[in-house]
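Student: Below is the sequence, then the predicted model.
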Amino acid sequence: MKMSGKIATLFFFAVVVSSFLLLAETSGKTKGTLVTGTGKFVTQVTRTSESLDPPCVTLVTRVGNVSFSGLIGNTPENGYQETHALRDECAAPIQGTTATTYILKEATVAGRTGGLILKASGIFDGDVTLPAGARTRLHFKIRGVSGDLKGVTGTGQFVGQSTTNCSFNTYYAEILLPD
């Protein structure tokens, strides 16, 4: 059975368009191994604060070391953190927003070692200056920057408890390790 010229041309274009669509769908997916897991991390920090306007709002800065265990691992001397929080005590309960950058110069994920940067943001409630401290809830993005972790991407979330000079946190993360 022979196809007419117009039908053959239409058939050819349909095959080409379908091939492009299939290629576009699969090429957008990053190749690699997805690892998921949980862990804990602790920080040791120095806290400073600056009154804003109104004076019941303060900008709090927390700088120090961080140590992860579990899916992500590092030692305190290879982990740095810097946090900026807006603390609102204009009405009870004390609460606010917070953003933290964690720089892990030498971290390990699934047997690979290298540098990671985690950028986290979220909220807290409570007062770190009281014995009970403040509760935190944050989400983070992970980016691999050096060594065997260069090109790594991921996301995660954590909950924790912060005091004036430290914090204790539990996290869950999903990390894509490129092939």
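Tutor: Yep, it's here.
Student: Work out for me the element the nearest residue to Ile175 once chain neighbours are set aside sits within.
Tutor: Residue nearest to Ile175 in three dimensions, not counting chain neighbours: Gly154, with 3.6 Å by CB to CB, 6 or more residues apart in numbering. Using the backbone N, CA and C atoms, a C-beta is placed for each residue, glycine as well. Secondary structure from DSSP states H and E places Gly154 in strand 153-162.
Student: Give me the contact list for that strand.
Tutor: Here strand 153-162 makes contact (CB atoms under 8 Å, 6 or more residues apart in numbering) with 30, 41, 62, 118, 120, 124, 128, 133-144, 167-176.
Student: can you check stretch 89-100 too?
Tutor: Contacts of stretch 89-100 from elsewhere in the structure, counted by CB under 8 Å, 6+ apart, are 54, 56-58, 60, 62, 81-88, 118-127, 134, 136, 138.
Student: picking that back up, what's the burial count for the residue nearest to Ile175?
Tutor: Other residues near Gly154 come to 22 when the count uses other CB atoms under 10 Å.
Student: How about it: which residues does it bridge to?
Tutor: Partner residues in beta bridges with Gly154: Ile142, Ile175, with DSSP bridges as the criterion.
Student: Now do stretch 78-98: distance to the chain's middle.
Tutor: In terms of CA atoms, centre = their mean, to the nearest Å, the gap separating the centre of stretch 78-98 from the centre of its chain is 17 Å.
Student: Now do that stretch: distance from first to last residue.
Tutor: Taking CA to CA, to the nearest Å, stretch 78-98 runs 23 Å from one end to the other.
Student: can you list the weak-confidence ranges in the protein?
Tutor: For the chain, the stretches with pLDDT under 70 are 1-30.
Student: what about the helices in it?
Tutor: Applying DSSP state H to the chain gives helices spanning 5-27.
Student: ok, back up a step: so which of the contacts of stretch 89-100 sit within strands?
Tutor: Among these, the members falling in strands are 57-58, 60, 62, 81-88, 118-127, 134, 136, 138 (criterion: DSSP state E).
Student: List buried residues within those residues.
Tutor: Using 16 or more other CB atoms under 10 Å as the burial test, these include 58, 60, 62, 81, 83, 85, 87-88, 118, 120, 122, 124, 126-127, 134, 136, 138 as buried.
Student: residues of stretch 154-171 that come out buried?
Tutor: In stretch 154-171, the ones that count as buried by 16+ other CB under 10 Å are Gly154, Gly156, Phe158, Gly160, Gln161, Ser162, Thr163, Cys166, Ser167, Asn169, Tyr171.
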